[in-house]
Each structure stands twice: as C-alpha cells, then as structure tokens.
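# with the sequence up front, the predicted model follows.
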Protein chains: 2
Amino acid sequence: MSELFDQLIPMLERSAALTAALALFEWDAETLAPEEASDNTGKIIGILSNDYFHSLINPEVKLLLKKLEEPDHNKQLTLEQKAVIKQLRRTYDQLASIPGREYSEFCELANKSSSVWAKARENNDFKSFEPYLEKVVEYKKKFAGYRLKAEGQKEDPDAIYNVLLSDFEPSLSTKELDDFFELIKEELVPLIQEVAEKKDEIDDAFNSQSFDIQKQREFNTFLADYVGFEKEKGVIAESAHPFTTNLHNKDVRMTNHYYENNLITALFSTIHESGHAIYEMQIRDDLTLTMIGAGASMAVHESQSRFYENIIGKSKEFWKPIYNQLVENFPEQLKDVELDQFVKAINKSLPGYIRTDADELTYPMHILIRYELERALFRDEITVKDLPQEWKKKYTKYLGLKEDTDTKGVLQDTHWSGGDFGYFPTYAIGSAVAAQLYYFMKTQMQFEELLEDGNLAQIKKYLGEHIHQYGMIYDMNELLQNVTGEKFNPSYYVKYLKEKYTKLYGLD
Amino acid sequence: MSELFDQLIPMLERSAALTAALALFEWDAETLAPEEASDNTGKIIGILSNDYFHSLINPEVKLLLKKLEEPDHNKQLTLEQKAVIKQLRRTYDQLASIPGREYSEFCELANKSSSVWAKARENNDFKSFEPYLEKVVEYKKKFAGYRLKAEGQKEDPDAIYNVLLSDFEPSLSTKELDDFFELIKEELVPLIQEVAEKKDEIDDAFNSQSFDIQKQREFNTFLADYVGFEKEKGVIAESAHPFTTNLHNKDVRMTNHYYENNLITALFSTIHESGHAIYEMQIRDDLTLTMIGAGASMAVHESQSRFYENIIGKSKEFWKPIYNQLVENFPEQLKDVELDQFVKAINKSLPGYIRTDADELTYPMHILIRYELERALFRDEITVKDLPQEWKKKYTKYLGLKEDTDTKGVLQDTHWSGGDFGYFPTYAIGSAVAAQLYYFMKTQMQFEELLEDGNLAQIKKYLGEHIHQYGMIYDMNELLQNVTGEKFNPSYYVKYLKEKYTKLYGLD
C-alpha cells in the first residue's frame, strides 16, 4: 500500500471522469447532436478540456509523480500502479511541455484546418488547404521540439518524427518502421503486380446491386452480436465514418455507415469496429477509469480490429455457418452467389487510389507512401507544397497507378489536417501484429474449426485472457513476448499475405 | 461594465459547462446507455457533480457575490447581470446550506430509494418502500431546516414546505396555493361530477386499436415539426417516460414513448414536450449557458408545455388542417372517425386513478390531493405510514373513486422517491398560467384562425418575444404582469375549464 499513490487517486479519477465526458460529447457530436449545436457545445468542450488539462498538470500531481518515480518509492508499487505512473509521466510530459496558450491556438487552428480540408477535398483544391497544413506542420514541429528539449535528446534528423510516432505507438521508431517497410516492399511489390494482372478473375459485380438499408442494419446487428459485441455493455449507432469509442469497459460504442449500393463495406466495418469494441469490453474492471484502462496502444488496438476484420472475417470458415443467413436477407441479390465466390469477392485485390477501400494485400502500400512522405516532411527533405506531386509519384512507383486528382490523392485522409502525423503507420503495424498472433494462436487451438463451428466465444476469451484484460499494463512488445514468445516480428505478416493471395489467385 | 462581474464570468461558465455535461449524461442514460453502464457512469457523474458544486461553492464566488449584492455595486449592473446575481444567490444558498457529506449521503439514498420505489410499484408493496421514503422525508426536513436557519426565518408550520416549494417555483407559497386550490375545489368539483355522469357520451374506443409504431413515429415527427420544434436545434428520441432537456438553446432534446394500442398518448406527449422544447430554443443567445439561460421556473415551463398540449393541441381548430394526414397514416383504424369525434375523444373527461392519464378537467384534482398530502406531511400532521390510506380517502373525496391498489395510488409517481416534494403544484399552476395567457392572447390576435390556417409560427413568435427570450430575467409574476397586465390570476383557468367542458358535454 502506497500512501503517496493513494493521494494521487482522486486526481486521476477526476481526469478519467473528464476524459469520459469528453468522449461522450465527441460520440454525441458524431452521431446525434443537432446541426446548429456546435458553437455552444464547442465552448462547453473547451472548458471541460481545460479542466482535464489542469486535473493532471498541476504542482500537486507534478510533485507526487516525481516522488513515486523515485526508485525507493517505485519499487513498493504494484505492477498496475507502476504502469499508471509510467503512463502518467508520458501524458504529463506530452501536455506540460507545450505552453497552454500555444496549445489553445493549435487546437483552434486544427479545428479550422479540418474544415478547410473538407472543402478542399470536395473541390480538389489543395492550394486552399496548403497554408493551413503548413501552419499545422510548423506547430507540430515546434511542439515536438519542446518535448525533445525537455527530454534533452540528442540531434537526429528523425528526432521530431519519432516524437510524433511515439504519441501513437511508443514501441516504434523510424528504425523499426524502416525495417518493416523494407521487408514489405521487397516481398509484396512483386506479388501485388502479379495479382493485379489477374484482376478480372474475381467477379464482385453482385456487390453493386441495391441492398435495402434497413435489412443491412438488421444483418449487421446480428453480425456484431455473432462476433462478440455485447449489447449489454455497448451501443451501436450510425455516423459519417465508422468509429469506436468508450466511456469505460461497460459502455463501449461503435458506429457504422450504410451504402445502398455496397453490401460488403458495412459488413467489414461492423467486424472491424467490433474488434475494437471487444478489446475495450474485456479490459479488467479494476483498470477501467484509470490511466491504464484502455487499449495498450494504437497499433495494438488496430491489431485487434484487423484480427477480427481480416483474419477472422475474411476467411471462408467464418462465413460458412452464417452465409446462408446473409443470402436469406438478400435473396434476389445473392441468389447466384455461392459462398466461394462471396469469399473471393471480399478478398479481391486491386491497386486503387483510396486507402480505406484497399484490400489486405495493397493496404500496406498506402501506409508506406504516407510514412515516407511524413518522414521526409519532418526531416525537411520536402515541404507541404511538394506533397501533391510526391504523392502521385509514389502511387505510380508502388501501385502502378497513373496520376489522379488530389481529392483521390493527398487530400483523401483527414489525419494530417488535424495534425495527426505518425498515426498512419499504426494501421499497417496493427495488421502485422494480427498476423503474428494468428500464427501463434493456430498452435494453441483449432482456429479454423472454431470458426466453422461458430465458436467465436473461445477466440474472444483467448484474446481477453492474453491481451485485452491488461489494458495498458504491458506495451506492444511485452504483450507479444508474453503471448507468442517473441517481440514484434513482421515476417508473419508477409507470410500470411503471401500464403493467402497465392492461394486465392492460384499462383502456386 | 462591472469589473467585479467580469471576474465572476469564468466561474459561471465553468458551472454552465458542467451542468450541460451532466444533462448530456442524464439524457444518454435515459435514451441510449447500455444496461450495465450505470455503476461506472455513476462514478463519473458523482465526480462531475462534485466539480459542479465546487465551481460555485467556493470562497471566491462567495466574496464576489457578496460584493455584487451591495447596493453601490449592484446598481451599476445591467438588468441581465442583476438577474444572474439573484439566481446565483438562490443557487448558492441552496447548495451551500447543506454540509457536503450529508448531501452526498442524500444523493445515494435518493438513488437507492428510486430503485426500491420502482420495484415496490411493480409489486404493489408500499411497506418495502416506506423506510426509504421516511428517510428521504427526514433529509428533506433537515435540509430545509438548514436553509431556514441560514435565512433566519421565523416559525411557521408551513415554513419547511415553503422552502421545498420555492425550489421549484419561487413565486409561490402555501398562501397562494391555498387560494388557488380553494377556488379549484369550489368551482370544479361540481362540474367534474356533472361531466362524470355523462361518461358514456363520448366514444373513444377507436384509440384501443393497433397502431403501427413506425407509422406513429413518422406522424409524430411531422407533428413536432408542425408545432414548431426546430430539428436543426434539437433531437427527438425515445425513452420509458417522455421528457425534455437541453444542453443550451441550440441543443434541445425531447423524447417520446409509443404504445401500440394507444394512438393519442404519444401525440400529446409530442405536443407537450415540443412546448418545453420551443421555450428553450427561443431563449436568447446571450443568456444560454449563463445562470439565467433556462425557463423562468418550473411552473412557467409547464405553462408553455400545457399551452401547446391543451390550449393549442386539444382544440378542433388545431386539428382541422392536419387531421386528414393522421387518417392517411391510419386509414383502417380511423376510417369511421370524423374530426368532431376525434376532438371529443382527445378531450374526454373521466375521473381515474392515474395522474398522467388524466384529462384537463380532472387533472388539477390529482395535484390538489398531492399538495394536501405533501403539506400535511411537512406540517407533521401525518406520517409516511399514513400516506396510502390518506391517498385513498382523498381520491374518494375529490374524484369519487373507490379504493384501488397502491400501485395505482400512492406509488404511481416517481417524484417523492427522489425527494421532489413541492414539485407537483407547478403542474397545475402551469395549466392556470397557460389559461391566463390564452385569454390575453385572444385579445391580441385571431388565435383560432391562426390555428385553422396552420400558422403556428405566429403564436410561437409571440411566445418567444414575450416570454421565452427572457430566460430567467423575469419571474412568473413579472412575466404575467408584463404580458397580460396582471399577476397570476387563477380565475382564467376556472373560466377556461368551465367554458370548455360545458360546451363539450352540452351542459348549457
């Protein structure tokens, strides 16, 4: 029992309550809030954000944190308390290093920049967005500089970008990412080209018919339940872009977006977001509403959503027991589509411009391109002005695509407009972590048989026991070491994609 | 410009932000939150409530408030600032008079008591609820006692109850309520009996047919829009009991509850809640998110919801332009129901046990009974143990009803279980205020013609200009004086009910 730690608890609880309130406001804004509410609600959110900031950044927390980090005190803490202190230090340094006024200025800019981006994308007008993006990049450089200064780090051309990366995935730096993407390029680019040549072999035209949205809703509600989303602990709603958030482990919320002329998209949004949701629902009761009561990191979170979406959801075994039910919901549209054809269609690979539409095989190329551009930007090798051209060059180089609009190019993603540089790599790393887990889990259980039996519960239980329950106690590499016996190893990802697509397109 | 007042603003804004956050959590709990969320979310709400308390109850606010009340300072304030100071004083005294720990204990008790009440009602088991209600009453007496002590009030057998009343309607005490109910009894009891004898004259059997809930939803959405609910500033959802809440004037939310075998209930919930919502939507932009940015009082709020529900919504003129549309939604069920019969059915009067099912004529009797019981309880003339019997006696005396279960008797309303004594009278006063406004507005506009023309906008505009926009700047009597030229005068209410029901039942 640490008396010092106990003194910290009320402050941590307050920060958790404010975090939950802000999550609820964000959820509400995306799913329900009326059109004209945003100005007034923005004020409310500003005040609560400020309260959150000061709930952690204050002299009392600073002093307690410092004392609790001293080896004599620290060794008396439990495993969980040590993890809280580590996470509190990370959050404290992130927040405290930036002068309050500059942070507010940046938030205002990011907000404005996001809405300028939305218009620019609509109008294929990068020029109007350019000055905002330039300012956003400047701020991000300045803020990362503060952190480097506070941490006394030595000079390194990637130092700034590594700070940005660490905000989303503390276990990874450009060193690991370089190795990762080098392997991807070497192993996958030839395969992508080979597969692209066979692009007409899989017929997925059925997916462009009209699918009644209410019927889609019904099937997707069933599907969420089927994969393990617990409705007693969760809410499902609709929004412009699917996402998952949570107030705590017993209130986890996900959204979907339905398209009348695309059945497949919403199915995989459901499975993907259910993966995120199941993670949060299985975090231990004693961790939720603490600093370590969330997924271990962005990459680990994405590993779970992609494990569900791709490894489980895109397998034939998964659909075997439930495909009939989908056909019953859409008898006219699917009457001539056999299970085999459906499974091929949901896995069809084709180089395209849009990241979120990409299949599993070409997906990491989209991330590679963003990684290379972000890195060059923060090494000052290119400027914001160069982005559209550089973007197009890389799409030609890695995916063999000729020039297209900026709307389908550099303007397609929202991330940069709000300053989220360093976020993209976690998507690809998440897929790779999922593959590593998959090969290990196959040694522990009859994975494919469980899917064929509709026994998703056992897979969920395994992930809960080995990963989810721990929240942020362990980081990505610790989790992988504990579960699979080795740290992050991207070779499984390459193996997985090669095996899968070689088989799918009969390239043996 | 008052510098002192400016110093207060950040604190008031923080309290407004926390109030809005708590409103959002409450809304969410009633409409959406998952079943198992309540324990964790309860903790969050506890922390935010505590923040709210301390946002106002602190030495800085205390000192500023005291200074701003001094005549020399106070006279420099604007009308709005003076109203803020007055409201802040009221809230400050309400909150600060109760020791923090006792307040928390009470909140916990009230929470528990409400869930015990729900079970007791289900099982017709007052005995299980009795000890909780006794404790709730004790706390309310103690808390009101603190206020009396702080205010140095003299002894008066109704002093405690008057404190409770003032929390909901500062303009009214037992003195005014005695006069009000005396008039009601004298004038309405004979009429109620006369009408009850003609109970079979109006046939409303059509309302017990099956009405598709999705179709009800569609018509009620149209209806809300028709009466003036602005969907750009509001949200409509569903909950166990209809209610209205708001985050600010551009985010106003109301709910409904649909019954398959009752068309009429949901229609009038829509119109009633729209009345509340329109009030909040028309509060001035500079007042929302301040201490005076809500309806003037519970009674004034209720006057607006009942103005819409009863005076507008239960008139033939209102339904004339839209009844066809209702019939088109339910052609089978309403094919033989002419407009005249429909209007009679929605106004049918019949003494019954359930307050929320009561017609306009018998409604005030339900309130009278609760008023007499509450008052006797807080004068120590009866005890909690006596309530079930006293309840039944009064239902026999005023409504001629013979004994029924406690479920349909003393256990029917949730209010007392959470300590809301003094709330009920505002319902009847609201109806009376609505009638007073109605007779005055008829001198200002062609009221019935506007309804026949579907010109609800002009009525809404009038209420906005004369009442809604001011928020809490004026109290009930000031508003009535400003609009109608006289203070609260219940004779209009009696006149309204007598005219209406004499005509409806052909008693001339």
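On my side now, so go ahead.

# from here on, just use CA atoms for contacts and neighbour counts.
Will do.

# so which bits of the lowest-mean-pLDDT helix or strand in chain A are buried?
Sorting the helices and strands of chain A by mean pLDDT, DSSP states H and E puts helix A:100-123 at the bottom, at a mean of 90. Buried residues in helix A:100-123, defined by neighbour count with 16 or more other CA atoms under 10 Å in any protein chain shown: A:106-107, A:109-110, A:113-114, A:116-118, A:120-121.

# again with stretch A:138-156
Using 16+ other CA under 10 Å as the burial criterion, the residues of stretch A:138-156 that qualify are A:139-141, A:143-148.

# quick one: average confidence on it?
For stretch A:138-156, the mean per-residue pLDDT is 89.

# related to what we said a few turns ago, and the buried residues of stretch A:138-156, which of them are in helices?
For the buried residues of stretch A:138-156, the ones inside helices are A:139-141, A:143-148, with DSSP state H as the criterion.

# including distance to chain B, could those go into a markdown table?
As requested, those are exported to a markdown table (distance: CA to the nearest CA, whole Å):
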| residue | distance to chain B |
| --- | --- |
| A:139 | 28 |
| A:140 | 29 |
| A:141 | 32 |
| A:143 | 28 |
| A:144 | 31 |
| A:145 | 32 |
| A:146 | 29 |
| A:147 | 30 |
| A:148 | 34 |
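
# just the closest of the residues you listed to residue B:495, please.
Set against residue B:495, the nearest of these by CA to CA is residue A:139 (69.1 Å).

# separation between the closest one and residue A:98?
Remark: distance between residue A:139 and residue A:98 (CA to CA, to the nearest Å) = 10 Å.

# same question for residue A:296.
For residue A:296, the distance to residue A:98 equals 24 Å [CA to CA].

# what is the least confident helix or strand of chain A packed up against?
Packing contacts for helix A:100-123, counted by 3 or more CA pairs under 8 Å, 6 or more residues apart in numbering or on different chains; DSSP states H and E, involve helix A:126-151.

# go ahead and name everything in contact with the helix or strand following the helix it packs on.
Heading C-terminal from helix A:126-151, the first helix or strand you meet, by DSSP states H and E, is helix A:159-168. By CA atoms under 8 Å, 6 or more residues apart in numbering or on different chains, the surrounding residues in contact with helix A:159-168 are A:141, A:144-145, A:147-148, A:172-174, A:297-299, A:374-375, A:378-379, A:421-423, A:426.

# quick check on those residues: which are buried?
Using 16+ other CA under 10 Å, the buried members of the contacts of helix A:159-168 are A:141, A:144-145, A:147-148, A:172-173, A:297-299, A:374-375, A:378-379, A:421-423, A:426.

# tell me which of the residues you listed fall in helices.
A:141, A:144-145, A:147-148, A:298-299, A:374-375, A:378, A:426.

# identify the farthest-apart pair in those.
It's A:145 and A:299 that sit farthest apart of those, by CA to CA, at 24.1 Å.

# show me where chain A dips below the pLDDT cut-off.
A:1 (pLDDT under 70).

# and it, which residues reach chain B?
Selection of chain A residues close to chain B by CA under 8 Å from any CA of the partner chain yields A:13-14, A:16-18, A:20-21, A:24-25, A:32-37, A:40-41, A:43-45, A:47-48, A:231-235, A:247-248, A:250-251.

# narrow those residues to just the buried residues.
A:13-14, A:16-18, A:20-21, A:24-25, A:32-34, A:37, A:40-41, A:44-45, A:47-48, A:231, A:233-235, A:247-248, A:250-251.

# strands - which of these land there?
Counting by DSSP state E, those place A:234-235, A:247-248, A:251 in strands.

# now the strands for the stretch 251-400 of chain A?
Along the stretch 251-400 of chain A, counting by DSSP state E, counting those that start in this stretch, strands occupy A:251-256.

# from chain B, how far out is residue A:400?
Counting by CA to the nearest CA, to the nearest Å, the gap between residue A:400 and chain B amounts to 46 Å.

# need the phi and psi values for the residue lying closest to that residue once chain neighbours are set aside.
Nearest residue to residue A:400, sequence neighbours excluded (CA to CA, 6 or more residues apart in numbering or on different chains): residue A:351, at 7.6 Å. With angles defined as degrees, to the nearest 10, residue A:351 sits at phi -60, psi 130.

# what about residue A:351, distance to residue A:313?
21 Å.

# find the residue at the geometric middle of chain A.
The centroid of chain A falls nearest to residue A:302 when counting by CA atoms, centre = their mean (4.5 Å).

# and that one, how far from chain B?
As defined by CA to the nearest CA, residue A:302 lies at a distance of 24 Å from chain B.

# residue contacts, that residue?
A:276, A:426-427, A:430-431.

# can I get stretch A:60-75 in CSV, CA atoms only?
The C-alpha coordinates for stretch A:60-75 follow below in CSV (Å, rounded to 0.1, in the frame of the first residue of the first chain):
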residue,chain,number,x,y,z
GLU,A,60,0.5,18.6,-6.7
VAL,A,61,0.5,15.9,-9.4
LYS,A,62,4.0,17.0,-10.5
LEU,A,63,5.4,16.5,-7.0
LEU,A,64,3.6,13.2,-6.4
LEU,A,65,4.6,11.9,-9.7
LYS,A,66,8.3,12.8,-9.1
LYS,A,67,8.3,11.1,-5.7
LEU,A,68,6.5,8.0,-7.0
GLU,A,69,9.1,7.6,-9.7
GLU,A,70,12.0,7.6,-7.2
PRO,A,71,13.3,4.0,-7.1
ASP,A,72,12.7,3.7,-3.3
HIS,A,73,9.0,4.5,-3.7
ASN,A,74,8.5,3.0,-7.1
LYS,A,75,9.6,-0.5,-6.0
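
# from the buried residues of helix A:100-123, which is closest to residue A:286?
Distances from residue A:286 to the buried residues of helix A:100-123, taken by CA to CA, are shortest for residue A:107, at 32.7 Å.

# now the ones in helices among the buried residues of stretch A:138-156 in TSV, with distance to residue B:489?
Listed next are those as TSV, based on distance: CA to CA, whole Å:
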residue	distance to residue B:489
A:139	63
A:140	65
A:141	68
A:143	65
A:144	68
A:145	70
A:146	68
A:147	68
A:148	72
